[in-house]
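>>> predicted model, plus sequence, below.
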Amino acid sequence: MGVRLLPLAARRLSTMTRQLSPPAKAVLYDDHGPPDKVLRVAEVAPVEIGERDVCVRMLAAPINPSDLNRIEGVYPIRPPLPAAVAGYEGLAQVHALGSGDVDLSPGDWVIPSPPSFGTWQTYIVKPATAWHKNGATSIVGQCVIQLAKLHAIHTINIIRDRYSPSPFSTQPILDDHMPYSRPGSQQAKDKLIQLGADQVFTESQLNIKNIKSLLGALPEPALGLNCVGGSAASAVLKFLRQGGTMVTYGGMSKKPVTVSTSSFIFKDLSLRGFWLQKWMNSDKAEESRTMIDYLLDLVHEGKLKYEMELTPFSEFHLALDKALGKHGSRPKQVLKF
Ligand SMILES: NC(=O)c1ccc[n+]([C@@H]2O[C@H](COP(=O)([O-])OP(=O)(O)OC[C@H]3O[C@@H](n4cnc5c(N)ncnc54)[C@H](OP(=O)(O)O)[C@@H]3O)[C@@H](O)[C@H]2O)c1
């Protein structure tokens, strides 16, 4: 991390002149709707850097499912319209500081903390308190597998089936039922096993009566994590042991979680939810920063890896199409500014 202190004289000078951010480019939307229809890339005018503000240059920002949901208008917290800048997470470098005393220096790498709107743009001006030194973003499933392995916890993982490409299809993929060019299921399984997964099943493998027979020597799981809903969530519930808990943190299939009456009565299962944003905005924000630093240390030590595809910001619409699944299953799309 290149930490450099701005010479004092330069700081004093900046109190006398009105400092502006460089002209920036941003991904904007004026209405909610399909991201590939409502998003536009546009120039944005320089803004004044206030006394306690920091102007950062974005280095990278992921295209997360929740970003797409915000643009669609189906996420509970959304930026005001029109001219909302998309994106919520990212990594930035301090470009310039206001004249006030802040605990940052030009060159520092920072992440928004708590995350905040508008990371899909080249320069951002915000109060210094909105940034946390150090930073990265992660892909939930792959991280859970690796963190569980580090803590000697077994994981049983469920993935979507991958179908072979149709030799006749030249169209991009538009929904789950069309023929598409995704990597094979075995390849996807092998990748997760390499990361530390104990078992990986495709959804279709779980269409059997005695799902627990698949566990082999592994103990029945106490905790299930669900980010899909529908039949995948039902499979998670079937794996759980008596008194187990399923935490739902996403709904990729856009299908509800359905629970049999017997799961409650005879298995006494508990269902919970988790929302990172609430945690990071709560009075436990300091706890979340400690957690971020712990995770970053693991990344630096090479113990936590995640697959991503860096795409230059100039090719934003290609990255968006990949994140929308139009090119099949792709690693997390990260915009490189
Ligand atoms: N609650 C929280 O605080 C919180 C925080 C972060 C993320 N999340 C949620 O966690 C989930 C994963 O986020 P991420 O950033 O790890 O995602 P990601 O890296 O972008 O990956 C998306 C995942 O969703 C799967 N998927 C996409 N469409 C699907 C569908 N129609 N049915 C079933 N699976 C589908 C993909 O499977 P394939 O490999 O088969 O394409 C892939 O595994 C999302 O639902 C996200 O909103 C929640």
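Okay, I see it.
>>> so what's the closest residue to the ligand within the stretch 201-337 of the chain up against?
Nearest to the ligand, among the residues of the stretch 201-337 of the chain, is Gly250, at 2.2 Å (CB to the nearest ligand atom). (C-beta placed from N, C-alpha, C; glycine too.) When contacts are counted by CB atoms under 8 Å, 6 or more residues apart in numbering, Gly250 touches 65, 140, 226-228.
>>> tell me which strands and helices the helix ranked longest in the chain is in contact with?
When the chain is scanned for its longest helix (criterion: DSSP state H), the result is helix 285-300. For helix 285-300, the packing partners by 3 or more CB pairs under 8 Å, 6 or more residues apart in numbering; DSSP states H and E come out as helix 140-150.
>>> how distant is the helix or strand following the helix it packs on from the center of its chain?
Using DSSP states H and E, the helix or strand that follows helix 140-150 in sequence is strand 156-159. The chain centroid and the centroid of strand 156-159 are separated by 19 Å, computed with CA atoms, centre = their mean, to the nearest Å.
>>> thinking again about what came up before, strand partners of the helix or strand following the longest helix of the chain, parallel vs antiparallel please.
Beyond helix 285-300 on the C-terminal side, the first helix or strand identified by DSSP H and E is strand 308-312. Its sheet considered, strand 308-312 pairs with strand 332-336 (parallel) by DSSP bridges.
>>> got the buried residues for the strand it pairs with?
When neighbours are counted by 16 or more other CB atoms under 10 Å, the buried residues of strand 332-336 are found to be 332-335.
>>> just stretch 201-209 next, same as before
Buried residues in stretch 201-209, counted by 16+ other CB under 10 Å: 201-203, 206.
>>> same deal with stretch 240-249?
Residues of stretch 240-249 classed as buried by neighbour count (16+ other CB under 10 Å): 240, 244, 246, 248.
>>> list just the nearest of the residues you listed to Ala60.
Proximity to Ala60 was ranked across these by CB to CB; first place goes to Thr248, at 28.6 Å.
>>> quick one: contacts for the residue nearest to the closest one when sequence neighbours are not counted?
The spatially closest residue to Thr248, leaving aside those adjacent along the chain, is Asn226, at 4.6 Å (CB to CB, 6 or more residues apart in numbering). Asn226 makes contacts with 232-233, 236, 246-250, 257, as judged by CB under 8 Å, 6+ apart.
>>> among those residues, which lie within helices?
The helices in this structure, assigned by DSSP H, contain 232-233, 236 from these.
>>> make a markdown table from those and add distance to Gly118, neighbour count and pLDDT to it.
Compiled in a markdown table, the ones in helices among the contacts of Asn226 are given as follows (distance: CB to CB, whole Å; neighbours: other CB atoms under 10 Å; pLDDT from 0 to 100):
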| residue | distance to Gly118 | neighbour count | pLDDT |
| --- | --- | --- | --- |
| Ala232 | 33 | 19 | 92 |
| Ala233 | 33 | 24 | 94 |
| Val236 | 35 | 24 | 94 |
